[in-house]
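[1] Sequence and predicted structure are below.
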Amino acid sequence: MNDNKRMTSIARRINTSFWLKRFFGILGFDILLVFLIIGTFAYWRYEQVPSSEHVDRMYFTAENGYDDLLFVIETEEEGIYSYLVCQVADYLILPAIILVSFELLHLLFALFGTGEIRRKLKPLNELAKKAEALSSLPLDASKFESLEHAIESISPDSPNAKISTGDKDLQSIEVALNNLLYRMKQTQKQQSRFVSDASHELRTPISVIQGYVNMLDRWGKEDENILNESIEALKHESEHMKELIEQLLFLARGDSGRNTLNFVDFDLNEVIKEVWEESLMIDEKHIYRFVNSSGNVVDDEGNISNPPARMSGDIAMVKQSVRIFVQNAAKYSSEGNTIKFMVKSRPGEVSYVIQDEGIGMEESEVVHIFERFYRSDEARNGETGGSGLGLSIAKWIIDAHDGTIDVLSRPEFGTRFTVTFKAL
């Protein structure tokens with residue numbers, strides 16, 4: 001019991017250290033963002049001073065608070081140009097609230113990482129117990145003292161940190177400890193990259209919003225076309241940010257084990273049929289065909305013949321994974337192309353297949369498609385790039401069901417996703 005408390009205390013201290021690093025990293029990013037916004041605003045107004053005048057000084061002033069905050073530019077020719085800051089700042093409130101909400105949620109979730117760290121420390125704790133048991137044997141105590149000293153002197157932040165005593169008798173323990181250190185560092189790198197990529201993805205819609213806000217401020221008050229265009233763009237980018245944040249929250253809950261799955265027995269044919277019917281209704285640009293587990297093409301009325309393809313899983317989650325693959329197929333397929341749904345049933349396993357006739361991928365791209373925020377060059381250069389999180393979410397769902405994914409893709413021929421589960 002005391003040993004468990006001690007390991008929990010260590011895990012809590014490590015998690016607190018990581019949390020503080022994330023907090024100060026986010027705080028530094030926000031401060032830098034504020035200075036960039038202020039600098040951009042000042043430069044924008046500076047550029048509006050007539051070229052015939054020379055700027056003497058620039059400053060902010062306010063008589064009665066925020067509503068009267070002015071940015072003032074004085075020129076050597078005694079010209080004075082003043083601008084109300086609140087007219088521009090009010091447009092930044094929505095993206096600021098969204099950004100701060102995402103940061104607070106990220107920090108909140110990071111607070112509950114003690115359990116995950118404790119789980120990762122468990123093998124190390126077991127090794128420590130074995131080492132303690134070995135220390136009671138009639139062996140040279142100096143060997144274990146040197147191992148203890150090597151562990152205490154190691155720097156966890158060093159990229160090349162390794163435990164080494166030079167003692168052959170302790171070599172196996174050193175290998176196990178170094179492998180554990182390597183896995184922990186890889187996990188930390190993945191978390192850091194996730195935060196960095198998420199920040200990058202959020203900066204893009206924020207930049208677009210700021211651009212349209214500036215356009216509104218310059219011409220939108222007088223030009224109705226610019227006003228309508230800007231409003232539509234702001235609505236679109238806000239929806240994009242909302243979808244991105246929801247996807248990030250799903251993956252964050254999944255990483256921390258807080259996504260709850262409700263397993264029930266069901267027929268995979270029925271789930272695929274429902275997504276197929278949805279696709280027929282919402283997308284008239286592509287042709288959707290459904291081949292059920294009996295090998296028959298399902299007609300427009302959705303008639304299904306036996307045999308059923310029964311499995312156990314969370315119906316909503318499995319359906320979400322199918323939708324992701326279908327949306328991916330529709331994005332990268334031309335109008336009029338066929339997207340095929342198939343269900344297969346074999347002894348001990350059932351599968352669903354989503355196959356398209358789209359642009360396809362190179363083999364070098366296929367190995368990366370389930371990485372978070374990864375998008376192929378074709379996706380990045382087009383208008384359908386998305387957030388790069390959809391396939392990561394699908395993979396998480398399938399992994400949670402102990403399923404497997406097989407991907408076959410060729411440029412200009414299309415892509416086929418085959419997802420396999422255990423059958424009942």
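    Good, I have the coordinates. Residues are numbered from 1 along each chain as shown.

[2] Could you grab the helix/strand/coil label for F290?
    Following DSSP: H, G, I helix; E, B strand; the rest coil, F290 is assigned to strand.

[3] what sits opposite it in the beta ladder?
    Beta-bridge pairing of F290 under DSSP bridges involves F341.

[4] how near is it to K340?
    8 Å (Cβ to Cβ, to the nearest Å). Using the backbone N, CA and C atoms, a C-beta is placed for each residue, glycine as well.

[5] One more: N259?
    30 Å.

[6] just R12 next, same as before
    51 Å.

[7] These two: which is more packed in?
    Using other Cβ atoms under 10 Å as the criterion, R12 and K340 rank with K340 on top: 19 against 15.

[8] from what I can see Y59 touches L70, true?
    No - here Y59 lies out of contact with L70, judged by Cβ atoms under 8 Å, at a distance of 9.0 Å.

[9] More neighbours: the two, which one.
    L70 (15 against 10).

[10] what's the host helix or strand of L36 packed up against?
    Counting by DSSP states H and E, the element that carries L36 is helix 2-47. Here helix 2-47 touches strand 55-61, strand 70-75, helix 93-110, helix 114-135, helix 171-215, going by 3 or more Cβ pairs under 8 Å, 6 or more residues apart in numbering; DSSP states H and E.

[11] Please produce a markdown table containing the ones you listed, extended by mean pLDDT.
    Formatted as a markdown table, those follow (pLDDT from 0 to 100):
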| stretch | mean pLDDT |
| --- | --- |
| strand 55-61 | 85 |
| strand 70-75 | 85 |
| helix 93-110 | 83 |
| helix 114-135 | 69 |
| helix 171-215 | 71 |
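
[12] Kindly reformat these as JSON lines containing distance to T404.
    Output for the helices and strands packed on helix 2-47, formatted as JSON lines (distance: least, Cβ to Cβ, whole Å):
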{"stretch": "strand 55-61", "distance to T404": "60"}
{"stretch": "strand 70-75", "distance to T404": "59"}
{"stretch": "helix 93-110", "distance to T404": "28"}
{"stretch": "helix 114-135", "distance to T404": "24"}
{"stretch": "helix 171-215", "distance to T404": "22"}
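
[13] and of those, who's closest to K273?
    Proximity to K273 (Cβ to Cβ) singles out helix 171-215 among these, at 34.2 Å.

[14] next helix or strand past the closest one?
    Assigned by DSSP H and E, the successor of helix 171-215 is helix 224-255.

[15] Quick one: mean pLDDT for the helix or strand following that next one?
    Note on helix 224-255: by DSSP H and E, the next helix or strand toward the C-terminus is strand 264-267. Throughout strand 264-267, pLDDT has a mean value of 95.

[16] most centrally placed residue in the protein?
    L248 (4.6 Å; Cα atoms, centre = their mean).
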